[in-house]
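Q: no sequence for this one, just the structure:
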């Protein structure tokens with residue numbers, strides 16, 4: 001993590017930053033935090049003014065608990081005169097500038113990953129593969145936005161070889177800002193889905209926003225993209241001088257594609273056109289094979305051979321609540337994919353459950369998909385009507401939008417096999433009546449629906 005004197009930190013931020021007194025410049029900060037409850041000794045505390053709370057009221061307690069110093073927004077009155085402070089006009093802009101300066105001081109390679117779905121899984125897979133040869137750090141949790149990415153950069157150790165940074169967005173210009181801060185050597189676009197239609201209006205708008213990641217790519221870098229997506233077809237003509245474009249996908253027109261795919265309840269086996277060996281991926285779903293291909297193209301850029309990559313797959317574990325296979329009471333099997341949802345990822349997850357062998361019954365527990373704009377009801381209904389009635393025994397939905405999934409499901413399943421709920425505890429109570437040791441359950445919805453509570457109840 002960043003280790004600099006206050007004088008150095010102020011200089012990295014720029015002329016807007018001033019120290020509370022001249023005799024504190026040699027104080028050394030070790031890392032930064034925005035949460036006064038998670039102070040580690042030597043941290044620089046970053047307070048923010050919110051609508052309901054003002055972080056400045058916690059500055060004194062943060063320093064008492066071990067912080068070396070704190071930001072103080074210049075227009076906030078009554079700064080404590082006895083504490084080591086860096087005065088800034090805007091704490092967010094200043095932490096972004098501090099991160100950008102720190103990025104320039106590091107001798108490090110950066111991988112930037114974006115996409116509508118699969119960003120986090122691709123980040124986890126890529127990190128595992130690169131760790132075969134390098135010291136790698138990655139974005140933790142959902143620290144992938146205008147605040148999270150700078151915090152991730154500032155957490156990088158100086159001897160780290162490669163940083164794998166996830167870049168999220170909800171509107172235009174956000175990826176552009178993140179990629180220009182991170183200045184990646186390799187960028188990967190996992191896919192273009194339906195997330196953020198509410199803000200961007202169309203899949204074409206989403207594609208344009210995702211392609212902003214190219215704006216920060218260093219010359220001589222590599223662009224990795226999902227070649228089966230027509231909306232990304234213009235990428236080869238957009239590449240920078242000396243950079244190269246590599247596509248992945250199921251079609252044999254891609255730079256890297258899989259074949260001889262065999263899926264099971266423990267993962268997948270597949271071969272690729274670039275190697276003679278068979279690969280074993282210990283996570284569920286054909287869509288995760290695509291995520292693996294993206295990671296493989298990144299690892300190849302850093303001179304990791306395809307023959308080595310199975311070793312990187314062996315101990316792979318995805319971030320929690322992403323196609324996570326867990327055991328419930330009495331041996332029940334649960335696929336916990338409750339971290340987020342869009343129509344694209346919802347269909348992919350349902351397909352995984354439908355094709356999963358070895359279970360007498362299969363149950364879908366699906367909740368609202370958020371941020372889909374004016375056609376949200378249609379998107380939800382189409383999910384329900386696309387369910388394979390021969391493969392799924394029951395459909396349980398949660399939320400007002402989930403009711404549209406249920407209505408769609410009733411066009412293909414008998415009404416007594418489809419249940420819709422607005423009360424989560426009632427859903428759990430009825431769900432427990434139809435599951436046993438021979439049942440597999442998929443639980444999926446947008447993050448705001450908190451369907452992991454259903455998983456915990458079943459465990």
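A: Here it is on my side, so go on. Source: prediction; values computed, not measured. Numbering: from 1, shown residues only.
Q: ok, then the element right after the helix or strand of the chain with the lowest mean pLDDT?
A: When the helices and strands of the chain are compared on mean pLDDT, DSSP states H and E, helix 197-200 comes out lowest with a mean of 65. Proceeding N to C from helix 197-200, the next assigned helix or strand is helix 203-210, under DSSP states H and E.
Q: what's the offset of that following helix from the middle of its chain?
A: The chain centroid and the centroid of helix 203-210 are separated by 18 Å under C-alpha atoms, centre = their mean, to the nearest Å.
Q: which secondary structure elements does that helix contact?
A: The contact analysis (3 or more C-beta pairs under 8 Å, 6 or more residues apart in numbering; DSSP states H and E) places helix 203-210 against helix 174-182, helix 197-200. For glycine as for every other residue, the C-beta is placed from the backbone atoms N, C-alpha and C.
Q: one more time with 7 Å
A: Other elements packing on helix 203-210 under the criterion 3 or more C-beta pairs under 7 Å, 6 or more residues apart in numbering; DSSP states H and E are absent; no helix or strand qualifies.
Q: and the angle for that helix with helix 174-182?
A: On the basis of axes from the mean of the first three to the mean of the last three C-alpha atoms, to 10 degrees, helix 203-210 is oriented at 10 degrees to helix 174-182.
Q: for helix 203-210, which positions count as buried?
A: By neighbour count, and taking 16 or more other C-beta atoms under 10 Å as the criterion, the buried residues in helix 203-210 are 203, 205, 206, 207, 208, 209, 210.
Q: Same question for stretch 211-224.
A: When neighbours are counted by 16+ other C-beta under 10 Å, the buried residues of stretch 211-224 are found to be 211, 212, 213, 214, 216, 217, 221, 222, 223, 224.
Q: need the contact list for the fourth one.
A: Each residue near residue 214 by C-beta atoms under 7 Å, 6 or more residues apart in numbering is listed here: 187, 223, 238.
Q: Among the residues you listed, which ones are in strands?
A: The strands in this structure, assigned by DSSP state E, contain 187, 223 from those.
Q: that older thread, can you list the buried residues of helix 203-210 in CSV and add distance to residue 137 and pLDDT?
A: Below are the buried residues of helix 203-210 laid out as CSV (distance: C-beta to C-beta, whole Å; pLDDT from 0 to 100):
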residue, distance to residue 137, pLDDT
203, 32, 84
205, 32, 87
206, 28, 88
207, 29, 90
208, 30, 91
209, 26, 91
210, 23, 93
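Q: which one of the residues you listed sits closest to residue 274?
A: The shortest gap between residue 274 and any of these belongs to residue 210, at 25.1 Å (C-beta to C-beta).
Q: That closest one reaches residue 192, doesn't it?
A: Yes - with contacts defined as C-beta atoms under 7 Å, residue 210 counts as touching residue 192 at a distance of 6.3 Å.
Q: how is the protein carved up into domains?
A: For the chain, whose domains are defined here by automatic domain parsing, the residue ranges read 3-89, 106-314, 324-458.
Q: Tally up the residues packed near residue 173, please.
A: Using other C-beta atoms under 10 Å, residue 173 is surrounded by 10 other residues.
Q: what sits against the spatially closest residue to it that is not a sequence neighbour?
A: Spatially, and ignoring its direct neighbours in sequence, residue 173 is nearest to residue 212 (7.3 Å; C-beta to C-beta, 6 or more residues apart in numbering). For residue 212, the contact set (C-beta under 7 Å, 6+ apart) comprises 175, 176, 179.
Q: Please report how far residue 212 lies from residue 99.
A: 18 Å (C-beta to C-beta, to the nearest Å).
Q: for residue 73, same thing?
A: 18 Å.
Q: out of the two, which sits in the more crowded spot?
A: Legend: neighbour count by other C-beta under 10 Å for residue 73 and residue 99, higher for residue 99 (24 against 19).
Q: mind checking pLDDT for that one?
A: With respect to pLDDT, residue 99 has a value of 98.
Q: was I right about it contacting residue 150?
A: Yes - Residue 99 lies in contact with residue 150 (C-beta under 7 Å); the separation is 3.5 Å.
Q: joint contacts of those two?
A: Once C-beta under 7 Å, 6+ apart is applied, the residues that residue 99 and residue 150 both contact turn out to be residue 181.
Q: Could you tell me how many residues sit around residue 85?
A: Other residues within reach of residue 85, judged by other C-beta under 10 Å, total 22.
Q: Grab the nearest non-local neighbour of it.
A: residue 20 (4.0 Å).
Q: again, but for residue 271
A: Leaving out its chain neighbours, residue 271 is closest to residue 260 (C-beta to C-beta, 6+ apart), at 4.7 Å.
Q: just checking, next helix/strand downstream of the helix or strand in which that neighbour is found?
A: Under DSSP H and E, the secondary-structure element containing residue 260 is strand 258-264. Stepping forward along the backbone from strand 258-264, the first helix or strand reached (DSSP H and E) is strand 267-272.
Q: what pairs with that following strand, and is each one parallel or antiparallel?
A: Strands flanking strand 267-272 in the sheet, each with its direction: strand 258-264 (antiparallel), strand 278-281 (antiparallel) (DSSP bridges).
Q: gap between the last one and the chain center?
A: Counting by C-alpha atoms, centre = their mean, strand 278-281 is centred 23 Å from the centre of its parent chain.
Q: go on, the longest one?
A: Computed by C-alpha atoms, centre = their mean, the separation of strand 258-264 from the middle of its chain amounts to 25 Å.
Q: list the buried ones in it?
A: Of the residues in strand 258-264, 258, 263 count as buried by neighbour count, 16+ other C-beta under 10 Å.
Q: and if you look at stretch 58-76?
A: Using 16+ other C-beta under 10 Å as the burial criterion, the residues of stretch 58-76 that qualify are 58-59, 62-63, 65, 67-73, 76.
Q: If you count neighbours, what's buried in stretch 327-341?
A: Neighbour-count burial for stretch 327-341 flags 328, 332, 333, 334, 335, 336, 337, 338, 339, 340, 341 (criterion: 16+ other C-beta under 10 Å).
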